[in-house]
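Peer 1: Fold the following and give me the result.
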Amino acid sequence: MDVGCGVAMAVDRQGSLWGNQRLRMGVFALCNVGFLVLALPAVLEPMTFWTGIVLGDYAYPTHELHHIVMASVFGVLLLGVIAQAMRPSQRVGALHSSVLLWLSLTLVFAGTGDFSSMHLVLLGLLLGAVVSHPAGATQIPQTTNLERSMLVVGVLTALGGIALAGTELATHVSVADEHAGFGHYQFMAVTGLGIAALSLYGCLRGIGWRFAVYGSAALLAVFGLTSILYPGAEQGSSLGVGLGGAAVLWAIVFVSVSERTAPGGSP
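Peer 2: Model prediction:
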C-alpha cells in the first residue's frame, strides 16, 4: 500500500513538472512571437531604407550612414530573437543581446523625451522570454570564465561605444538639423550603448556568448565602413575615412582576441 502511494505521488510530481514545463514553453513561445509581431512594423522602414541604398532607389541623400547603421541595429536585434528561438538552450546570448539592445533604445528615447509605452511593452515581452527561458538559471553568466586580455579589449570597446553615445546625444540636443528631427542621433546613441553593452556581456562568456561579441563587432564594423563610404560632414555622424578604418580594424581585433582566448568547448 505504501509502495503504491509512493508510486502515485511520483507520477503526480512528474505530471506536475511536465505541465509546468509545457506552461513555461508556451509563455516563452508567446513572448517571442509577440515581440516579433509587434516589432516588425517599426523595423521594416529602416530595413527598406537599407535595401533602397543597395538597389539604387534611395530617396534620402545625406542620410545613408544613419539608415544603414539603424537597419543593422534592428537586424542584429531581430536575429537574436529568431536565432535563440530555434535552439534556446544553446543560444542564450542571442536573446540577452536583443534584450540589451532594446533596453539601450528604451533608455535613450526615455532620457531624451521621446518615450513611448510600446518601448516598455516590447521590453516586457523580451524579459518574459528570459524569465520563461528553457535554460532557466543557467542563463546567468559566471565570472569564472573571464579572461584578462579579452576583458581589456572588451572594456576599451565599451568605452568607445559610450563615447559615441555621449557625442550623439550631445549633438541631438544642440543641433537643429534634419538628422535631429528624424531622431537619427538618438539611434546612433542606441548603437553606441548597444556596442558597449554587448561587448561587456560577451566578455562574461555565458552560454552563447559569441553572438554578443560578433554582434558588437558587426555594429562597430558597419559604423566604420559606412564612415569610409560616406565621409562627408553632411552625414551627421561620419567618422571619416581614417577613424572609420580604425573602427573596422578594432572590430576585427575584438573578435580575434575573443576567439584566441576562447575556452575549449564553449558554445
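Peer 1: mean confidence for stretch 100-111?
Peer 2: Averaged across stretch 100-111, the pLDDT comes to 95.
Peer 1: which other residues reach it?
Peer 2: 73, 76-77, 80, 115-116, 119-120, 122-123, 126, 165, 169, 183, 186, 189-190, 193-194, 197-198, 201, 212 (C-beta atoms under 8 Å, 6 or more residues apart in numbering). For the C-beta atoms, the positions are set from N, CA and C on the backbone; glycine is no exception.
Peer 1: Swap in 6 Å and give it another go.
Peer 2: With contacts defined as C-beta atoms under 6 Å, 6 or more residues apart in numbering, stretch 100-111 is touched by 77, 115, 119, 123, 126, 186, 189-190, 193-194, 197.
Peer 1: what's the answer for stretch 28-39, then?
Peer 2: 81, 85, 122, 125-126, 128-129, 132.
Peer 1: Just the buried residues of it, please?
Peer 2: Using 16 or more other C-beta atoms under 10 Å as the test for burial, stretch 28-39 gives 28, 31-32, 34-36, 39.
Peer 1: what are the ranges of the helices in the stretch 51-200 of the chain?
Peer 2: 64-86, 92-111, 117-131, 148-174, 178-181, 184-203 (DSSP state H, counting those that start in this stretch).
Peer 1: tell me the most buried of these?
Peer 2: Looking across these with neighbours counted as mean count of other C-beta atoms under 10 Å, the highest average goes to helix 184-203: a mean of 26.
Peer 1: Which strands and helices lie in contact with that helix?
Peer 2: Applying 3 or more C-beta pairs under 6 Å, 6 or more residues apart in numbering; DSSP states H and E, one finds that helix 184-203 makes contact with helix 64-86, helix 92-111, helix 148-174, helix 209-229.
Peer 1: Packing partners of the third one?
Peer 2: Meaning helix 148-174. Helix 148-174 packs on helix 184-203, helix 240-260, going by 3+ C-beta pairs under 6 Å, 6+ apart.
Peer 1: Can you give the distance of it from its chain's centre?
Peer 2: 15 Å (C-alpha atoms, centre = their mean, to the nearest Å).
Peer 1: Same check on stretch 74-91?
Peer 2: 10 Å.
Peer 1: Likewise for stretch 72-88?
Peer 2: The answer for stretch 72-88 is 8 Å, by C-alpha atoms, centre = their mean.
Peer 1: now swap in stretch 58-74 and tell me
Peer 2: 18 Å.
Peer 1: Just the C-alphas of it, formatted as CSV.
Peer 2: Provided in CSV are the C-alpha atoms of stretch 58-74 (Å, rounded to 0.1, in the frame of the first residue of the first chain):
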residue,chain,number,x,y,z
TYR,A,58,17.0,55.5,-52.2
ALA,A,59,15.4,58.9,-51.9
TYR,A,60,17.1,60.4,-48.8
PRO,A,61,20.6,61.6,-49.8
THR,A,62,22.9,62.6,-46.8
HIS,A,63,21.1,60.1,-44.6
GLU,A,64,22.8,56.9,-45.9
LEU,A,65,25.1,56.3,-42.9
HIS,A,66,22.3,56.7,-40.3
HIS,A,67,19.9,54.5,-42.2
ILE,A,68,22.5,51.7,-42.7
VAL,A,69,23.5,51.7,-39.1
MET,A,70,19.9,51.8,-37.9
ALA,A,71,19.0,48.9,-40.1
SER,A,72,22.0,46.9,-38.8
VAL,A,73,21.0,47.5,-35.2
PHE,A,74,17.5,46.3,-35.8
